[in-house]
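Peer 1: Have a look; sequence and predicted model below, questions after that.
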Amino acid sequence: MKRVLGIFMVAVFGGLAALGLNHFFFSNKSNPQSFEEKQQVQFAKQLVAPDGQLVDFTQVSEHATPTVVHIKTTMQQASAQGQDQELFDPFGFFNDPRFRQNAPREASGSGVIITNDGYIATNNHVIENASKIEVILNDKRSYPAELIGRDPETDLALLKIEEKNLDFLSFGNSDDLKVGEWVIAVGNPFNLTSTVTAGIVSAKGRNINLLRQNSEYAIENFIQTDAAVNPGNSGGALVNTRGELIGINTAIASQTGSYAGYSFAVPVNIAKKVLDDLLKYGEVKRAILGVRIQDISAELADEKGLKEIKGVFVPEVIEDGAAEKAGLKDEDVILSINSVEVNKASELQEQISKYHPGDKISIKIKRKGEVMTKDVTLLSRDGKKEIVNETRREEQTALGGTFENISRDEKLDLKLRNGVRLKKVTKGPLKDKNIPEGFVITNIDKQRVYTTQDVVKLLENKKGSVLIDGVKKDGSEESYAIRIE
């Protein structure tokens, strides 16, 4: 009996000793001792939101989904030529052979309601060349949409539907966005309405040369995410876990036109200024610094004798531009704009894009090792210091006629969604057909015209018969068939 009791006591003490050692080595969760435990702890920490709660996308999805709309457009001609490209817009135009035909066709994308009275942000390429725009809400209500304005240089557009008390997304601050932060993308991929996908911010300040192919003034400083985005997501919302809009989904990197792991969104801090300008002026009042810029690489730093790979290099200051007038010189390095550090050309572009002609900014530069500050008054493209509202009436000439843009109030008075006024008529096809001065052209060959640039674009290189629809001064509708030799 004593022997059995002894064996039992040895077993008990051995067990207690083993438990003690186990507790000593493994129970301290703040300092895990195995890779598996470390990974579990780190993974758990990554899922904890700033408010201390586990990341849960259900609430933010319920909040964001009603604010994202389905946009359907009718188009008269292709918006792209379908060439082989590495970068495709998620709308799918560039890769769909149907969009190389000339017959009218329909397409679809997404948009984000940004006010309760029906203003909607989307991509320019979603509505470009559209003769009809239809907006379908999450609850399936449908509305015709008015195009307030568009900006190809940021690929943004502003629409308006006539409705009140709509759910909308508040703007966040994309400057505060962190790489690795959780986000959701909301849109209508492949016509699958109200689709939500989740991912993280993979990178910021991406320049993918998607917009700059068509304009040297294009602004590219995309948010890159790994949230799944596909054709139809264009113009949809990129939302943070607080339910704030922090980007407009715009493009994907793909060899096939479908999602392959990378998607890109226009930061909301760029979108805010662009959308405000489109509402106030019908176009973007873009400020110009007047410099050529490039990123600083190790090779460039060695070549120019720069001690730090920091800032944005200025190879050339444009003559009579804002920068030259403020004292900037060739080979200066721009370090910050109004105390915001810039280390990429795209970051500098984004900061300047927030301002208007005439705004004064403080630029910190480094010149031959010396740091200094310059106060710069930004200019417009044509060198003006003020915002000139008259640019809404920018005149263009074609076929012996002079055309001018009309204001939104004038369009409302005529009960029109779009139109350009024929201000003056001299010799030419317009005169031959007795089209009166003051006639507001709404369509050319069944394609809507919104600006004088649209008129010139639709009429240039035209031959043969052209149909012009519009409204006379008295509000009566009229159509004219002219012939261009």
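Peer 2: Great, that's in hand.
Peer 1: just checking, Thr195 touches Asn188?
Peer 2: Yes. Under the criterion of C-beta atoms under 8 Å, Thr195 makes contact with Asn188 at 6.5 Å. Every residue, glycine included, has its C-beta placed from N, CA and C.
Peer 1: shared neighbours, those two?
Peer 2: Asn233 (C-beta atoms under 8 Å, 6 or more residues apart in numbering).
Peer 1: From the domain annotation, what segments belong to each domain of this protein?
Peer 2: Segmentation of the chain into domains, based on automatic domain parsing, reads 33-283, 291-377, 394-484.
Peer 1: deepest of these, which one?
Peer 2: Each of the domains of the chain was scored by mean neighbour count; the highest is domain 33-283, a mean of 19, by mean count of other C-beta atoms under 10 Å.
Peer 1: what about that domain, distance to the chain center?
Peer 2: 7 Å (C-alpha atoms, centre = their mean, to the nearest Å).
Peer 1: can you pull the contacts of the spatially closest residue to Ile406 that is not a sequence neighbour?
Peer 2: In space, and not counting its chain neighbours, Ile406 is closest to Arg421: 5.3 Å by C-beta to C-beta, 6 or more residues apart in numbering. Neighbouring residues of Arg421 by C-beta under 8 Å, 6+ apart: Phe403, Glu404, Asn405, Ile406, Gly438, Phe439, Val440, Ile441.
Peer 1: okay, how far is it across stretch 465-477, tip to tip?
Peer 2: 20 Å (C-alpha to C-alpha, to the nearest Å).
Peer 1: picking up where we left off before, reformat the domains of the chain into TSV and put distance to Lys384 and mean pLDDT next to each item.
Peer 2: Listed next are these as TSV, based on distance: least, C-beta to C-beta, whole Å; pLDDT from 0 to 100:
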stretch	distance to Lys384	mean pLDDT
domain 33-283	14	78
domain 291-377	6	94
domain 394-484	13	86
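Peer 1: Quick check: which of these is nearest to Lys385?
Peer 2: Nearest to Lys385 among those is domain 291-377; the distance by C-beta to C-beta comes to 4.6 Å.
Peer 1: how long is the closest one from one end to the other?
Peer 2: 13 Å.
Peer 1: Doesn't Gln351 lie inside a helix?
Peer 2: Yes. Counting by DSSP: H, G, I helix; E, B strand; the rest coil, Gln351 is found in a helix.
Peer 1: what's across from the nearest residue to it once chain neighbours are set aside in the sheet?
Peer 2: Spatial nearest neighbour of Gln351, chain neighbours left out: Ile337 (4.1 Å); criterion: C-beta to C-beta, 6+ apart. Residues in a beta bridge with Ile337, per DSSP bridges, are Val340, Ile363.
Peer 1: looking at it, Ile337 is touching Ile352, isn't it?
Peer 2: Yes. Ile337 is within contact range of Ile352, at 6.8 Å (criterion: C-beta under 8 Å).
Peer 1: Mutual contacts of these two, please.
Peer 2: Ile361.
Peer 1: partners of the longest strand belonging to the chain in the sheet?
Peer 2: Using DSSP state E, we find that the single longest strand of the chain is strand 195-206. With DSSP bridges as the test, strand 195-206 is paired with strand 182-187 (antiparallel), strand 222-225 (antiparallel).
Peer 1: out of those strands, which comes closest to Ser465?
Peer 2: strand 182-187 (40.4 Å).
Peer 1: Which member of the contacts of Arg421 is positioned nearest Ile246?
Peer 2: Asn405 (32.7 Å).
Peer 1: returning to what we had before: tell me which of the contacts of Arg421 fall in strands.
Peer 2: In strands, defined here by DSSP E, the members of the contacts of Arg421 are Phe403, Glu404, Asn405, Val440, Ile441.
Peer 1: a markdown table for those, including distance to His356?
Peer 2: As requested, the ones in strands among the contacts of Arg421 are exported to a markdown table (distance: C-beta to C-beta, whole Å):
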| residue | distance to His356 |
| --- | --- |
| Phe403 | 26 |
| Glu404 | 23 |
| Asn405 | 19 |
| Val440 | 29 |
| Ile441 | 30 |
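Peer 1: any idea which of the residues you listed is closest to Lys285?
Peer 2: Nearest to Lys285 among the ones in strands among the contacts of Arg421: Asn405, at 14.5 Å, using C-beta to C-beta.
Peer 1: Identify the bridge partners of that closest one.
Peer 2: Val420.
Peer 1: Now that it has come up, it's in contact with Thr452, right?
Peer 2: Yes. With contact defined as C-beta under 8 Å, Asn405 counts as touching Thr452 (5.7 Å).
Peer 1: Using TSV, lay out the contacts of Arg421 together with distance to Val268.
Peer 2: Converted to TSV, the contacts of Arg421 look like this (distance: C-beta to C-beta, whole Å):
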residue	distance to Val268
Phe403	35
Glu404	33
Asn405	28
Ile406	30
Gly438	41
Phe439	40
Val440	35
Ile441	35
